[in-house]
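Chemist: I need the structure of the sequence given here:
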Amino acid sequence: MTNNRFFSRTAWLASSVLILIFGSSSHAIAETEGPNGEKAVPYTNISLTAKQQAEAREKNLKAAILMHSTSDWSNALIAGAKDTFSKLNIEIVAVTDAEFNANKQKTDVETALVRKPDIIISLVVDPVSGAAAFRPAIEQGTKLVLISNLPSGFEHGKDYAGIVTDDLFQMGRIAADLIAEAVDGSGNVGFIHHEADYYVTNQRDQATLSNLKRFYPDINVVAKRGIANAHDGEVIASAMITQNPNLKAIYAPWDSIAEGVVAATRAAGRKDIKVITMDLGAANALDMAKNRNVSGIVTDLPYELGETLARMGTLAKLGEYTPPFVTVGASAVTRDNLISAWENALKRPAPKSVYRALSK
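Modeler: Okay, here's the model as predicted:
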């Protein structure tokens, strides 16, 4: 997944804050809190009773899914939402892609509102303009459920039913563990971080670094570079490798950047440099299956995220309480569990090329 689902933290585009509390134990306690300090509720806690499901089916509700971009991740989320709505007899009246453009998202909202949806699921591209763009939906009585991003000035229960996002600290901790596994617990590594005010990537990167420092003191981050354009991954990684020939691994903040890092390792003839990244993608999965450079990937659960969003919207429309902040977990992907992890996260078969590579 590219940075298209990420957003600026400067105006609380972020929907969560990482809190590190160091107690008397040797381990850090990590919590992901909501924008107003809300305690995260596990997505598994969000469900409808049989009575609520029956009530929803009788209402013939309508829903719109207004996405910020298109990707494997977005497609899996949409599938989860669609499947849940279908079981509840809720008609999908619109599925849109804003192409990470706030103006287009405003148009998408206006177009969707013509169909009078009872529920809208969306990741708001810009918190300021998005607050104005979605205001007519709220005034129309539509229940808004947010993916990760909180529009400026919105109040829980009044303007939106809740936020659903990833457990960002967990993702960073898993990434640190995968880096440590790739280098056998010690050695020099390169670290590419997202050099922009995008909260999700910033916090995942920072959580990875903090966990490396705390739990793996024998791993040295000897090269650290920021990246703003995902297409620059190969150039940045090539410079890292040239300047630090003793690198054992490189971390990339998401999958398309990792593809560039892999290209750099191949160009340098460095099959020994391992690549660790966030988010499943076909190219990196194939590289992992071929036992080349990609050794570890952190994935979340976009399908379950979609299911949760749909349930939250339905509950809100039924007049039930919905928590302000809900998180979905993450897991580690290695060559050993690649197929099961892919299918568990994206709820579809892995590419045939991956199957073939694993069978060799």
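Chemist: domain parsing for the protein?
Modeler: Listed by automatic domain parsing, the domain ranges of the chain are 3-165+302-328, 168-300+332-359.
Chemist: What segments of the stretch 201-350 of the chain are helices?
Modeler: 233-243, 255-267, 282-289, 302-317, 338-346 (DSSP state H, counting those that start in this stretch).
Chemist: and the ones you listed as a markdown table, adding mean pLDDT?
Modeler: A markdown table is the format used below for the helices of the stretch 201-350 of the chain (pLDDT from 0 to 100):
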| stretch | mean pLDDT |
| --- | --- |
| helix 233-243 | 98 |
| helix 255-267 | 96 |
| helix 282-289 | 96 |
| helix 302-317 | 97 |
| helix 338-346 | 95 |
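Chemist: Now tabulate the ones you listed in JSON lines and tack on mean neighbour count and distance to Glu155.
Modeler: All C-beta spots, glycine's among them, are computed from the backbone N, C-alpha and C. Listed next are the helices of the stretch 201-350 of the chain as JSON lines, based on neighbours: other CB atoms under 10 Å; distance: least, CB to CB, whole Å:
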{"stretch": "helix 233-243", "mean neighbour count": "19", "distance to Glu155": "39"}
{"stretch": "helix 255-267", "mean neighbour count": "23", "distance to Glu155": "35"}
{"stretch": "helix 282-289", "mean neighbour count": "21", "distance to Glu155": "40"}
{"stretch": "helix 302-317", "mean neighbour count": "26", "distance to Glu155": "14"}
{"stretch": "helix 338-346", "mean neighbour count": "18", "distance to Glu155": "33"}
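Chemist: just so I know, which of those helices lies nearest Ala132?
Modeler: Of all the helices of the stretch 201-350 of the chain, it is helix 302-317 that lies closest to Ala132, at 21.2 Å by CB to CB.
Chemist: and that closest one, what other elements does it pack with?
Modeler: helix 50-59, helix 72-87, strand 119-122, strand 143-147, strand 162-166, strand 325-328, helix 338-346 (3 or more CB pairs under 8 Å, 6 or more residues apart in numbering; DSSP states H and E).
Chemist: helices and strands around the last one, which ones?
Modeler: The one in question is helix 338-346. helix 72-87, helix 282-289, strand 294-300, helix 302-317, strand 330-333, helix 352-359.
Chemist: So which of the ones you listed is nearest Pro117?
Modeler: Per CB to CB, nearest to Pro117 of the helices and strands packed on helix 338-346: helix 302-317, 9.4 Å.
Chemist: Let me know which of the helices of the stretch 201-350 of the chain is the nearest to Ser353.
Modeler: Taking the helices of the stretch 201-350 of the chain one by one with CB to CB, helix 282-289 is closest: 5.5 Å.
Chemist: Relative to the whole chain's centre, how far out is stretch 60-78?
Modeler: Centroid displacement of stretch 60-78 relative to its chain, using CA atoms, centre = their mean, to the nearest Å, is 14 Å.
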